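Sequence plus the predicted model coming up.
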Amino acid sequence: MAATPATPWLDGLRFAFGTLTVFPVKVTRWDRDAARGGMLSAPLAGLAVGLCAGAAGALLLLAGASASVAAVAAVAVPAVLTRGLHLDGLADTADGLGSGKPAEDALRIMKQSDIGPFGVITLVFVLLAQVAALAQAYGDGWRHGVLAAVVAAVVARLALTLAAVDGVPAARPEGLGAAVAGVVPKVGASVVTVAVMVAAAGAGALVGSDYSLQALLAVVGAEMVTDGLLRHCRRRFGGVTGDVFGALAETAATTALIVLCLW
């Protein structure tokens, strides 16, 4: 469909869901304007993924499964709905950072199809942390598990929005990272961040009065950690890549889950 002034938001949604999920959404535009709308809409794609993940865990829990089984399902669903894209990016980024090599060599390592020891170790610990945190959440009840799964998924995509902000360069001239690097205006990123914070606090309040602040802190904590990782990747690689975006998403999700199970 041809883009018109009345449908840029729809192009952005298609870009977000078409590139960040396996949902059958056709990307009709692949330009900077569509990428901008897509990165601003990324948390909405996260909301859809999080609801599916949370519901899968809740259904198993209500059917009599243990909290651990529910947690495994809630971790597996996002991996399936993203084709493992973010987990792959996390592993590749870990290999690149762990290599200790100059930017050009590190980027070459990240582009290889195999996964090295740093990537394997990182994946194991991240997935263990996610399952353990979600098991604790589902152990407190299905509502707590759903809240944790949704907040983690939304915050993970918020990290993508913030990584695509104006001023953050691409590390290489091709790939998804280059397509979305620097497309998000800082004002837009701030508006989306505040919206996610308010939504997280509101969702937490639906579970219990104590969880409103906890959900808000999960968002803040996740973005603080991913901001540090983003700065480090910019120093090491000279900018962002699609792998870095994936690493930021998984780091944000894991941090949010850990914060949610601290109190």
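Noted; the coordinates are in hand. Residues are numbered from 1 along each chain as shown.

Please state the offset of stretch 147-161 from the chain centre?
Chain-centre distance of stretch 147-161: 6 Å, with Cα atoms, centre = their mean, to the nearest Å.

Flag every buried residue along it.
The neighbour-count criterion (16 or more other Cβ atoms under 10 Å) identifies 147-161 as the buried residues of stretch 147-161. All C-beta spots, glycine's among them, are computed from the backbone N, C-alpha and C.

Just the mean pLDDT for it, thanks.
Stretch 147-161 carries an average pLDDT of 98.

With stretch 222-234 instead?
In this model, stretch 222-234 has an average pLDDT of 96.

what distance separates that stretch from the centre of its chain?
13 Å.

do the same with stretch 65-76
19 Å.

what sits up against it?
Stretch 65-76 is contacted by residues 53-54, 56-58, 60-61, 127, 130-139, 142, 145, 148-149 when judged by Cβ atoms under 8 Å, 6 or more residues apart in numbering.

One more pass at 6 Å, please.
53, 56-57, 60-61, 130-131, 134-135, 138-139, 149 (Cβ atoms under 6 Å, 6 or more residues apart in numbering).

Buried among the residues you listed? Make that a PyMOL selection.
Applying 16+ other Cβ under 10 Å to the contacts of stretch 65-76, the buried members can be selected in PyMOL as follows:
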select buried, resi 53+56+57+60+61+130+131+134+135+138+139+149
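
Can you list which of the contacts of stretch 65-76 are found in strands?
In strands, judged by DSSP state E, none of the contacts of stretch 65-76 are found.

JSON lines for the contacts of stretch 65-76, including distance to Glu104?
Converted to JSON lines, the contacts of stretch 65-76 look like this (distance: Cβ to Cβ, whole Å):
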{"residue": "Ala53", "distance to Glu104": "37"}
{"residue": "Ala56", "distance to Glu104": "42"}
{"residue": "Gly57", "distance to Glu104": "42"}
{"residue": "Leu60", "distance to Glu104": "46"}
{"residue": "Leu61", "distance to Glu104": "48"}
{"residue": "Gln130", "distance to Glu104": "32"}
{"residue": "Val131", "distance to Glu104": "36"}
{"residue": "Leu134", "distance to Glu104": "38"}
{"residue": "Ala135", "distance to Glu104": "42"}
{"residue": "Tyr138", "distance to Glu104": "45"}
{"residue": "Gly139", "distance to Glu104": "47"}
{"residue": "Ala149", "distance to Glu104": "39"}
